[in-house]
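Participant: Just a sequence and a predicted model for now, questions to come.
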Amino acid sequence: MNNNDILIRLRYALDIKDTDMIKIFKLGHLEITRDELRVLLTKQNEDDELPRDAVCDNRTLEAFLNGLITFKRGKPPVKNGVAPKPTFLITSQSNVNNVLLKKVKIALTLTSDDMLDVLRLAGVYASDSELSAILRKEGHRNYKECGDRYARNFLKGLAIKYRE
């Protein structure tokens with residue numbers, strides 16, 4: 001699953017309009033136009049030759065996820081007169097799904113039980129320890145890489161939960 005696909009599925013699951021998408025990107029400190037957004041939200045095939053601006057890179061996806069947290073939960077409190085900078089956790093393509101689950105969990109204020117329920121809606125039965133391993137920090141001894149199957153089914157479960 002590529003980053004464009006993640007954006008498309010997340011947008012559908014949470015029923016986010018174009019204007020809200022642009023606001024979310026802006027809250028994530030990335031200015032984007034409606035035309036650029038439409039290009040990002042086009043379905044991409046793995047073997048297609050894509051123009052460079054059509055591919056959603058890791059930085060763009062994480063800017064959206066950071067903006068989604070701010071959009072759903074409000075601006076973080078200012079400490080010592082300085083607003084905290086958003087954290088960028090995606091270091092490689094292998095941990096994109098882990099960061100996706102963590103940041104969506106924060107944005108929607110989901111508990112681990114809520115996340116397991118969302119996965120069950122999509123027909124995936126994971127244990128609490130499996131989910132805990134996926135949500136751990138990369139480098140932790142119990143860290144487990146989140147596969148596309150979990151991420152895809154989590155987004156499918158969100159769509160079932162929020163669109164019905």
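Facilitator: Thanks, I have the structure now.

Participant: distance of the residue at the greatest distance from the centre of the chain from H140?
Facilitator: Distance from the centre of the chain peaks at N80, with 29.5 Å (CA atoms, centre = their mean). Counting by CB to CB, to the nearest Å, the gap from N80 to H140 is 29 Å. From N, CA and C alone the C-beta is placed, and that goes for glycine too.

Participant: contacting residues around the residue lying closest to A151 once chain neighbours are set aside?
Facilitator: Nearest non-adjacent residue to A151, counting by CB to CB, 6 or more residues apart in numbering: N97, 3.9 Å away. By CB atoms under 8 Å, 6 or more residues apart in numbering, the residues touching N97 are M1, E145, C146, G147, D148, Y150, A151.

Participant: same thing with K105?
Facilitator: Contacts of K105 (CB under 8 Å, 6+ apart): M115, L135.

Participant: mind checking which helix or strand the spatially most central residue of the chain is in?
Facilitator: Nearest to the geometric centre of the chain sits L100, at 3.6 Å (CA atoms, centre = their mean). Using DSSP states H and E, the element containing L100 is helix 96-107.

Participant: got the buried residues for that helix?
Facilitator: Buried residues in helix 96-107, counted by 16 or more other CB atoms under 10 Å: V96, N97, N98, V99, L100, L101, K102, K103, V104, K105, A107.

Participant: do the same with stretch 21-36
Facilitator: Buried, per 16+ other CB under 10 Å, within stretch 21-36: M21, I22, I24, F25, L27, G28, L30, I32, E36.

Participant: Straight-line length of that stretch, end to end?
Facilitator: For stretch 21-36, the first-to-last residue distance is 11 Å (CA to CA, to the nearest Å).

Participant: which outside residues touch the helix or strand in which L116 is found?
Facilitator: Element membership of L116 [criterion: DSSP H and E] is helix 112-121. With CB under 8 Å, 6+ apart as the test, helix 112-121 has contacts from 101, 105, 110, 125-126, 128, 131-132, 135, 150, 153-154, 156-158, 160-161.

Participant: now do 10 Å
Facilitator: 13, 101, 104-105, 108, 110-111, 124-128, 130-132, 134-135, 150, 153-162, 164 (CB atoms under 10 Å, 6 or more residues apart in numbering).

Participant: Now the element after it, going C-ward?
Facilitator: Immediately after helix 112-121, counting by DSSP H and E, sits helix 128-135.

Participant: Could you list the residues in contact with the very next helix or strand once past that following helix?
Facilitator: Of the helices and strands lying after helix 128-135 in sequence (DSSP H and E), the nearest is helix 148-163. Residues from elsewhere that reach helix 148-163, judged by CB under 10 Å, 6+ apart: 1-2, 5-6, 8-15, 96-98, 100-101, 104-105, 108, 110, 114-124, 126, 130-131, 134, 144, 146-147.
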